[in-house]
Every structure is written in structure tokens, then in C-alpha cells.
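Peer 1: Need the 3D shape of this:
(3 chains, ligands or ions: 2)
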Amino acid sequence: MQISIRNFTKTFDATTVIDDMNLTIRDGEMLALLGPSGCGKSTTLFTISGIHRMDKGQLMFGDRDVSGLPSQKRNVGVVFQNYALYPHMNVFENIAFPLTVRKDAKADIDREVRAIAALTHISELLERRPGQLSGGQQQRVALARALVRKPDVLLLDEPLANLDAKLRLEMRSEIRRIQLETGITAVLVTHDQVEAMSMCDRIAIMKKGEIVQIDTPADMYSNPRTSFVAGFLGNPPISFLSGIAMENAFSVAPIKLRVPLVPQEGIADGTQLKLGVRPEHFGPEGDIAVEGRIAFAETQGRENLYDVALADGSVLRSIQPAGRNWALGDTVRWHIDSKSVFVFTDDGQRL
Amino acid sequence: MTRNFATWPIILLLTVLSLPLFIMYLFLLVDTFSNTPPGSLLPNEFTLEHWRFLIDPTITGDIWKPTLTTFLFAASMMVIVVSVSATAGYALSRLALPFRRFVLSGIMVMHAFPSVTLIIGVFLVLQFAGLYNSLIGVILVKASLMLPFGIWIMKGFYDAVPWEIEMAGVQDGASRFTVWRRIILPQVKPGLLSLALFAFIDGWSEYMLPRILAPSSDFEVLSMYLNTVSDPNSSTYNFNIFKSVGLFYTLPVLALFVLFQNRLMNIFGGGTKG
Amino acid sequence: MRASSPHRANLLGLAFMTPAMVLLLGFFFLPVVLTSVFAFTNMSTATGISGGSYVVTGNLLRSLTDEGLDAKTIDALGQSNYVIDQAGLERARAAGVDAKFVAEIAERLKDRSFTSSSAFERELKTLPSRPTRVRDLKIAAGAFEQSVLNVRYASRGEMEAALSHMLENPPEGAIERIATASYTGWTWTTDNFKNLAIAPDTWRIVGNTVFYVVLTLAFNVAVGLFLAITTFYLPPAGSGFFSVLWLLPRITPVVLYAVMWKWFTWEDGFVFNIAQDLGLPAFNYMKGSVASAWTVVILVNGFVGASFGMILFSGALKAIPVQQLWASEVDGASRWQQIRYIILPQMRWPILFVTSYQTLSLLSSYEQIWLTTNGGPGSTTTIWALEAFKTALNNYTGNLQYGLGAAMALVLVAVGLVLSIVYLRLFRFDEMMSKPKIEF
Ligand SMILES: Nc1ncnc2c1ncn2[C@@H]1O[C@H](COP(=O)(O)OP(=O)(O)OP(=O)(O)O)[C@@H](O)[C@H]1O
Ligand SMILES: [Mg+2]
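Peer 2: Ligands and ions are numbered 1, 2, ... in the order given. Prediction:
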């Protein structure tokens, strides 16, 4: 089921949280809504689910306008961040609840619940109360309950935020597996870029109630449209250098750095620019030399992480395979891979 | 709890302060089972005669009918308070209502507001409604006077239920009523139970309202019965019998209190506003 | 456009609110309205609470004389007329007067009227079939007697008609004046407030009320705090015992509680006996002296209220991180210093809260006083709420003055309303009203 949000505006007590948003989620895809805290991800999600009303705009499920319909009539499954299981019902009753309110036959309910429990690997837990389950198990129950009545859309609001690192890893692939198996259209809200990149077909990055870019994870990473997007994706994060345009090159005069600007369009000399260099594109190999001092070194096992302080005080981050090790305070002359850098205008737009 | 200080000075102080209460309640209990010679403080014989009123209606009049009336009174008032508070509290906590803020502040003012001041107005309302001197009238008044408190308490309990549970219910296709009935209500059971207990105890002990609003009706609650027994001018006046009747009257409340002390503690500080 | 309006009604919400609203309107809002309305009437047992009728009574004549109505009119009002009309004939027949005689009266005297019984009886004696016995004659005459005295007229019009019938040429405006004065129902007036303002008792009672509220409150807060802090330092068994003991007055039915205090302080009561044994003055402490009566009143109410403070303060105490206490002990603080510098400063809000809340309930609590000292000795322990209650609903003379009582209650209602609104602001309760999150 394709979902389209058109010209969506949402206001809480005179503060506009979402302003004229447009977003299309393709049938059967899993889309991540990624953005910093408070940018309006949950608001968007709750609007799709029918908990919030749109102040302006239109919401289409396929070619059906559902803007005015309450949750009960939208057939949307939601997994809440804290799972929102019904504490007084056992797992079976929790999962069966959507079917019992629909007044399905008892035998059907039993069959459906057991089927979905098998899919989510919680068949042995059906008699337990939510309070007797671990976080990951509660997560699966919530997922089962959201899926049991075969919703057209599955919405997940930070489903992994309350899990420990290992479980998170496991549930990431679990959720993706279940989504693929059921072929359901899904929206995942998260502020964790790794989660978004590893689980989803496409990512929509949000900032202050607007969608800044929507793309596949790979495109988003290698081709960010703004410095915000570039800064949001990637771990360790990209580092930025400030400079000016000088003779078709990005230039930082004090350290005599010149990086040619790839699009040869005339950019007025003296324009303020920002250069984004991902850590993997700064190291012993490369084409443009920069000299600096190791200001920070961290071993991550397979890789080492370095902060290199340049002469003017700015810092470039680098990630290098373990083996050849530099020590804190070493002076290094490393290179930037000029084909892989991003140049942004001062207000963050990619050139 | 810290253990660095001696406790005996505290116990001593507390005991002195509590002495009047302790003596009153101790003698209440002792006197019902004993006789005390005139002019003496201490009893000199054990007896069950003060409890004979339970089986012998000639002593103070039949006690079982007022007991039943009191039970009916307290129970119906409890049912009204709990059911009306359970619905109104939910509506105020969770549902969109016209003038919601206004209604809510109104209820808060009524909650803080000493309702007994309205007794004269209530008296007039009952007169006009033709409910003066009737059990139903007193029940309605008593329940209504307790409503702001009940609604407030219940709203507090509803407020503590996570919104997500409710959203999940709606998402699962249930109507708001079904969500309330099957998901939210079970979450506030402790609140319902506390409120019910509190309302029952309050209704069981009520004296003023029946006395003022139904002075000459044919139903008699235990508080009025007790007041008659305690009248020094009455022919059957006997202090120890009075104490026995009083203890008999208080026992159910005491039992509830002892059984549910922890629940009631929360609500006795009902002024905490939820 | 589906802009969400702030007043979007949820049908379920309306249905859920309706029972509560009906009851609250009926027994909160309406009483307030009625109290305010009737505060401006002279309603009492004598006037009834529904409409009245018009009656000229002997008392009224006397007070009209005092107010200077001329003697001739008063006289005339007191007089009887004898009118031979159809109604009179019916009455005569019903009274068993000889039918022949009645017929004669009808025939000869129809539509005549006499202003005195002697004139009428003289006329009757001239009739052929008059009864022989004087008593029968008087009965026959009595049947035709008409007087406004003690006759109840349903409307003002009827009363005025009767009056003009009775009075030959009344002075200007006299009829209206008498009719107004003869009304037995209640009337609108602001006298209640005027009388309250000038009555010397009013200020005494106000003084009593303030005295009572301040002292009881002080007792409640001080003892509540003391109990909370001491039980906090006690092992669970001890603190449990004392909290239950102090909660007992709150759950004991007030009738029993009041009589227990009587037993404690009355003549031949517990304290009485002890005092006697010790050679101290022994008397009925509840009513025997003003000082002892006040002490009893404050203790009776204080013991009920202390548990409220105790519970709230205990809650607040438990919220203090225990590390703070340990830290202070490590620093060498004595217990008193711990209380003074660690605990009390954190009790400010609970104390303020208990104070405000209890002020309101004490202002209007008269049940315990009513059942113990009943405001005595004299009216030394009478507080405003008790006086209002007695005036309107419970006095011995039997003439309940609803209007005056309502006026007194209205004063309390106003004070209560203002205070509760102030408290709501003070404690920012309006911040607890968040909007519903499900918007459909
Ligand atoms: N019911 C509400 N009333 C007023 N403001 C609200 C309400 N709900 C959300 N907001 C505001 O709207 C903005 C967006 O909130 P939202 O919950 O959508 O953020 P989010 O992107 O989900 O953040 P997070 O990652 O922290 O969950 C926030 O600034 C929040 O304060
Ligand atoms: Mg969120």
C-alpha cells in the first residue's frame, strides 16, 4: 500500500511542528524517518496512524483519502517505543486483542495468534504476562500484536531504543526479516543512523519538521545534499573545514590547502565554503597533502581513530586499519582524497 | 532509615502526646466488656451484658434494621461515587470535551471548597425536588458532595496510565469505549478499590446529612441510632451499652481499615490532589 | 480544512460526563445559587419556602398600630360584618339552622349587611320563625359573620377586595399597606446583611472563628509534622502503631468520637476522676469554663486533622533521599540539627499545602463542635459555620431562619471560593491539565 502525505502541516498550541511536508512511501518498502530529537518524527508517525489530526494537508493510503478517519478505520499497525503492551493481559490475549475487538471466531483467533507468534518466535511465551518478559521479548510481542490483523501499514516508533546493544543488533535483522516476509509497507522512526541504514530501503532525513533528503542509504551516504545530511550519516562522523573559494578551488590560506572544485562553474572568489571530509578519505594515501599533529587517538580493535589538528586549529578525523599505529603528538603529513570530498556553501547546500 | 540516634526519647514524647487517644480507645474497648464501680476508673468485673443489645431489641431497640439501612446507604453511595467518578475522571483525563479546562478547574475548586457550607442550599434543593426526608435524597447528596474528590482521585489514576496503551488500543481497532472498558479500567483498579473503600467508610460514618436532610423519615442509620442511644435523657441510657453500640458500629470500618490500610493511606491524604 | 477546534466534542466524553454534571449541578451549583438567592430573602419556617398567602392576624394589627396606622382602620379590621349572601345561607344550613328560618332570612334580609352582631341579632329576632333559644340564634347569626381577621387569601387581589369591602373609607394607601404587611410568604430583602453587619454578635463570632481556625491549624500542622518526623525515626512496628492510633479519629464515626470526648472530659468522666483524685479542680471541662471548652474544641478537631498532615508530611519525608540524612550524620549533625537544616526546609511546600487545605475545611467544619460543646458555654465557642447552621437548620425555638442562615453561609461560600481559587493558582494545578493526545 503506497502512502502519500501531501502539504502536511501540524501545529501544537501555535508552534508549527511540521510545515508543509510532502512524502511518499512506496508500496512494500521500509522507510526510515531519521532525524535529531524533537524534529517531528513521532508527530509524522502519529499522523499516519490516526492519532494526530492534520491541521492542513492530505493523507492518502493508495488512492483512499484517510485524512479524516480515526485510527480504528485506517488498518495501521503500530509498535510503540515502550511497546505499550496491556499489562493485565497475557501474551496471547495481547496479540489476540485486535482480533477479539473485531469479533473474529475463537478458532480463527487462536490460529492467527499462533501463526504470528511462530513468525516472531514467541510461541513458548503465550501464557506469560508482559511483566515477565525481557525487553526483546516484549518487542516481539508488540510486533506480533501490530501484525496480527494484517495491517496495510506497519509503523515503528524507535522500536529498538530501549534494548541493549546486542539485542538491538538481533532485533534489527528480525524486524527486517519479518517485514520482508510479510511484504508490508513500513515506516521506521529512529534517530540512530546505523539502524536506519541497515534496516531500510530508503531513508528520509528530517530537520525541524522538514524532510531534507530522501534516498537509499548508499546514495544518501555518498551523495548528501546538505552538510546536515552529511554530518548525520557516518560513524565516526564527517569533519568539516571552513575556507573560501579561490580560483575554482576550495582554499584555506593559512595552511595553504587547495582542493579543486569539481563542478567548474564559476564560483565567485572569496565565497565562504565548507569542505566535508569523511574519516576514511583522509589518511596516508590520497592526493592533497595536509600536515597536522595527532591530537587524539583511539583504538577500536579492528580500526584506529585519529583526530588530526591542523596548523590553524581545525581538526580532521581519520580512520585507519590497525597495524601501522601513530601515537598522540606525532606529526603527520597525510592526504585528502579530493574526489570523495563534499563542498558545501556556507549555509550548508552542496555545490 | 537512619539508625544513628536513640529512639526512646521519641517514643516517650509520642506516647505522652498520644495518651488521650490511647486512653479513649482503650476504655472504649474495655468498658464494653466490663463493669466499673461508680467513682472508680478501673473496671472490676468482666461481663458480656453490654452486648446483649445485639439479640435483645428491648434494650435499645432493634439494631439490625439500622445496620442494614446503613449498609444500603453506604453501599449505594459507594456505587454512585465510584461509577460516576470512574467515567467522569476518564473523560476529564483523556477525552476532548467542550469547556474542558473550565470544568476541570470548577471541579478542582469544588474539591478544595468546603462543601458543608452548602448544606442550607442543599436543604432547599431537596425541599423543591421533593426529596426532603427521603433516603434517596440523602444518598444523592452525600454522593454528590463526594464526587469532586472522587473525580479528582480517579483523574489522577487515569493520568498515570501511559497514553501509549490507550493509543495501542485505538490502533488495534477498538472504540474508545472498548479501550476504556477493557484496557484502561483494569489499569486503574487500585484507584477504584481505594475510592470504593473510602466512599463506603465515609457513607457508613455519615451523621450530619441524614440528621439534617431526613430528620423525620422512617429510615434510621446507625449514626442516628447511636445518637439516640447516647442521649442522657433517654430511659435506656447506659454509657457502657452506648460504647458497645458505638464499637459495633465502628467495627466494620475498623476491619476495612486494618485490611486495606496501605490503600487507604494514599487516599486519606486525598488533599494531595492525585 | 480540518483545523482541529479546541471545542471538538467527543460523544463518549459527553456521555461520560453527564451523570457527574447532573449531580454536581444539582447539589453543588444549584445550592450555591439558592444560597445566594435566599440570602436576600427573609425566608423562615414562618414564611415557608414556597409562596405564602395573605392573612390579617391579631399580631399584625398590633404591629400596624405600632407603626401608626389610624385607630379607626385598625378597629374596622378587627370588626366583623354580617352579610346575608348565598354563601352565608349555605353555611347556616350546614350549621343545622332550622330550614324555615333560613328561608325567611333569605327572603327578608337578602343582601343586607350589618356592622355589628347586636344589630344583626336584633333584626333576626323580628323574624317570625326565629329560634327560641338565644344560643341557636347566635349560631344562626354566626353563619353570616364575615371578617378579614385570620382569613387566608391566596392572592393579593382577593385580600385587597376583602379589605375594601371591610373598610368604609380607608386612608390613602392603607389598603395596599395592609395587604403588603399581611403577606405571610417570604419577601426580598437585604436586611440579613444589614443586620449581620450591625449585630455585635457577628464580630464576636468572627473572632471566635479566627481563633478556632488559627489554633486548630497550628495544632494540626505542628502535631502532624511532629508525628511524621518521629514516626520517620522509629522502627516500622512503632511507627505503624502510632500512625494507626492517630488515624483512628479520622475513621471513627463522628457521633462516637464526640461521645468519647464527652466520656473523657464530662462530669464524672475520665479526666474529672483523675483530677479529683489529685485534688485538682474537677468539673465538666467541655462546658464548665471558657478556657477548658476551647481547649476541648481545639483538641477534638486537632486530633482528627493531625493525621492529614501526618500522612502528607510522611510522604514528603520519604521522598527525601536518604543519602542526605546519612551525609548529615557523617558530618556530625545532631538529630535536632538534622531536622532543622535538612528536613524542615524541604517541608515548606507540604506545610503550605496542608495549611491552605485545612484552613478551608476548618472554616466550615462545625460537626464536631456541634456534637461536643455545641458552641457553649453561652456562645463562647460558637464559630461562624455553626451559627449559620443553627440559624438556618437547627435551633431550639423552632423558627428556622433560612434567609439569614443563607446569608451567613454565603459569606462562607464567598470566602471559600476566593481561597480555593487562590490556592489553585498558588499550587499551579492548572498545569496538570494537558490536552488529550488522541485527536480523533
Ligand atoms: N502534544 C504536544 N503538545 C505540544 N507540543 C508537542 C506535542 N507533541 C510533540 N510536541 C512538540 O513537537 C515537536 C516534535 O515532537 P516529536 O515527538 O514529533 O519529535 P521526535 O522527532 O519524535 O523526537 P524524539 O526523537 O525525541 O522522539 C517537539 O518539539 C515537541 O516538543
Ligand atoms: Mg519521538
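Peer 1: Enumerate the residues of chain A near ligand 1.
Peer 2: A:12-13, A:17, A:35, A:37-43, A:191 (C-beta under 6 Å from any ligand atom). All C-beta spots, glycine's among them, are computed from the backbone N, C-alpha and C.
Peer 1: if I look at whichever residue of chain A sits closest to chain C, how far off is C:A161?
Peer 2: The minimum distance from chain A to chain C, using C-beta to the nearest C-beta, falls at A:P70 (3.7 Å). Note on A:P70: its distance to C:A161, by C-beta to C-beta, to the nearest Å, is 69 Å.
Peer 1: in a helix, that's where A:I18 is, yeah?
Peer 2: No: for A:I18, which was evaluated using DSSP: H, G, I helix; E, B strand; the rest coil, the result is strand, with no helix membership.
Peer 1: gap between it and C:W266?
Peer 2: 74 Å.
Peer 1: try A:E29
Peer 2: Counting by C-beta to C-beta - A:E29 and C:W266 are separated by 86 Å.
Peer 1: Please identify which of these two sits among more neighbours.
Peer 2: Using other C-beta atoms under 10 Å in any protein chain shown as the criterion, A:E29 and C:W266 rank with C:W266 on top: 22 against 18.
Peer 1: before we move on, back to that, just the buried ones from the residues of chain A next to ligand 1?
Peer 2: By neighbour count, with 16 or more other C-beta atoms under 10 Å in any protein chain shown, those hold A:17, A:35, A:39-43, A:191 as buried.
Peer 1: in chain B, which residue is closest to the centre?
Peer 2: Nearest to the mean C-alpha position of chain B, by C-alpha atoms, centre = their mean, lies B:D202 at 1.3 Å.
Peer 1: Which parts of the stretch 101-250 of chain B are helices?
Peer 2: Assigned helices in the stretch 101-250 of chain B, in chain order: B:119-129, B:135-159, B:163-171, B:176-178, B:185-187, B:189-205, B:208-213, B:222-229, B:239-259 (criterion: DSSP state H, counting those that start in this stretch).
Peer 1: Low-confidence stretches in chain B?
Peer 2: Chain B contains residues with pLDDT under 70 at B:1-5, B:38-41, B:115-116, B:231-237, B:266-274.
Peer 1: Around the residue of it found nearest ligand 1, count how many other residues there are.
Peer 2: In chain B, the residue that lies nearest ligand 1 is B:W163 (9.5 Å; C-beta to the nearest ligand atom). When counting by other C-beta under 10 Å, one arrives at 16 neighbours for B:W163.
Peer 1: I'd like the distance between it and C:L363.
Peer 2: From B:W163 over to C:L363 the distance is 39 Å, taken as C-beta to C-beta.
Peer 1: and what of C:A218?
Peer 2: Taking C-beta to C-beta as the measure, C:A218 falls 15 Å from C:L363.
Peer 1: Neighbour count: these two, which is higher?
Peer 2: Legend: neighbour count by other C-beta under 10 Å for C:A218 and C:L363, higher for C:L363 (22 against 13).
Peer 1: contacting residues around C:Q146?
Peer 2: Residues near C:Q146 by C-beta atoms under 8 Å, 6 or more residues apart in numbering or on different chains: C:80-83, C:88.
Peer 1: If we use 6 Å, what do you get?
Peer 2: Taking C-beta atoms under 6 Å, 6 or more residues apart in numbering or on different chains as the criterion, C:Q146 is in contact with C:81, C:83.
Peer 1: Then A:L143?
Peer 2: Taking C-beta under 6 Å, 6+ apart, we find A:L143 in contact with A:79, A:120.
Peer 1: Next one, pLDDT for it please.
Peer 2: pLDDT for A:L143: 90.
Peer 1: Checking it next. Helix, strand or coil?
Peer 2: Strictly by three-state DSSP, A:L143 counts as helix.
Peer 1: Surely C:A293 is within a helix?
Peer 2: Yes: with three-state DSSP as the criterion, C:A293 is assigned to a helix.
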